[in-house]
Every structure is written in C-alpha cells, then in structure tokens.
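Peer 1: need the 3D shape of this:
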Amino acid sequence: MGFDASKNLPESLIANHPEVDWSGLTGVRDIVTHRYFRVDWHLLWTSIQKELPVLKKQIRNLMKEEPG
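Peer 2: Take a look at the predicted model:
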C-alpha cells in the first residue's frame, strides 16, 4: 500500500485503529509530492528512521486482525 492508497481506506478501518497516524501518513505523502523543494530532507529522514518501524508494526498487526 502506498501513501496515496491510505486515503481510500474504509472509514471503519480508520476508526477502529486510532493507534495508526492515518492523517500523518497521508500528510507526508502530500508534502513530499506537492512541496518537493520545501521538504526538510534531514527531518524527513529522521522521521522515517524513528516512525517507519512503528508504522510497519502497526500495519502488520492490523493485517493479522482484519479479514481479507
């Protein structure tokens, strides 16, 4: 699933998993896509290193719980 795909998830899925920062996920995609030349790449890289492992774990847990 790409960042853009997260905008098309069912509202029930989003509501049932508030532990996932859904708006932050789509917000990062919007910033990188539409404000490419104003991105603080150091800050983005730091966020990726710290937050991506957490997001990965959350999504894996979610996939185990959700049918299909």
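
Peer 1: can you list the buried residues in the strand or helix carrying residue 13?
Peer 2: For residue 13, the host element (DSSP states H and E) is helix 11-16. Judged by neighbour count (16 or more other Cβ atoms under 10 Å), helix 11-16 contains no buried residues. (C-beta placed from N, C-alpha, C; glycine too.)

Peer 1: so for that helix, mean pLDDT?
Peer 2: Mean per-residue pLDDT for helix 11-16: 87.

Peer 1: what residues does the helix or strand hosting residue 44 touch?
Peer 2: Assigned by DSSP H and E, residue 44 belongs to helix 41-65. If you take Cβ atoms under 8 Å, 6 or more residues apart in numbering as the criterion, helix 41-65 is touched by 1, 13, 17, 19-21, 25, 28, 32.

Peer 1: quick one, which of those are buried?
Peer 2: So, by 16+ other Cβ under 10 Å, the buried ones in these are 17, 20, 25, 28.

Peer 1: just the ones of those residues in strands?
Peer 2: In strands, judged by DSSP state E, none of the buried ones among the contacts of helix 41-65 are found.

Peer 1: centroid residue for the chain?
Peer 2: residue 25 (2.9 Å; Cα atoms, centre = their mean).

Peer 1: if you count neighbours, what's buried in the helix or strand of the chain with the lowest mean pLDDT?
Peer 2: The helix or strand of the chain with the poorest confidence is helix 22-34; it has a mean of 81 (mean pLDDT, DSSP states H and E). Using 16+ other Cβ under 10 Å as the test for burial, helix 22-34 gives 25-26, 28-29.

Peer 1: same question, stretch 48-62
Peer 2: In stretch 48-62, counting by 16+ other Cβ under 10 Å, buried: nothing.

Peer 1: can you tell me the average pLDDT over it?
Peer 2: Stretch 48-62 comes out at a mean pLDDT of 90.
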